[in-house]
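**Q** Sequence first, then the predicted structure:
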Amino acid sequence: MSKVVLTTEIDAGLNQALEEIARFDKRSASDLADQAIRNLVEERVATRELVGHGLRLVDAGDVKAVDSAEVHRWLTSDEDDFPAAR
């Protein structure tokens, strides 16, 4: 895999914490930043795919929904059972 250099500014305290973690893990701060960015990108790509899939299901009429007022009522109650979709 080819690599490129990415230069960014981060908070000094965050950088210090990153350096401490890198020393503890016996890895470079750059490796940890690469891993964090990779995880963020993978999560965002997966989220976009799920949202797109959900929107396609809604457009096709293949989705049952729970009214937002019902969800709010459930969240503020002591009930265990989630409201049924209609």
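**A** Sure, I can see it.

**Q** What segments of this protein are strands?
**A** According to DSSP state E, the chain carries no segments that qualify as strands.

**Q** least trustworthy helix or strand in it by mean pLDDT?
**A** Ranked by mean pLDDT, DSSP states H and E, the weakest helix or strand in the chain is helix 68-75, scoring a mean of 93.

**Q** residues of the lengthiest helix in the chain that come out buried?
**A** The residue-count maximum for a helix in the chain (DSSP state H) belongs to helix 29-60. For helix 29-60, burial by neighbour count (16 or more other C-beta atoms under 10 Å) applies to A29, A33. No exception for glycine: its C-beta is placed from N, CA and C like everyone else's.

**Q** centre of the chain versus it, how much separation?
**A** From the chain centre to the centre of helix 29-60 is a distance of 7 Å (C-alpha atoms, centre = their mean, to the nearest Å).

**Q** Which residues does the least confident helix or strand of the chain contact?
**A** Residues outside helix 68-75 that contact it (C-beta atoms under 8 Å, 6 or more residues apart in numbering) are F82, P83.

**Q** if you set the cut-off to 10 Å instead, what comes out?
**A** A65, V66, D67, E79, D80, D81, F82, P83, A84, A85, R86 (C-beta atoms under 10 Å, 6 or more residues apart in numbering).
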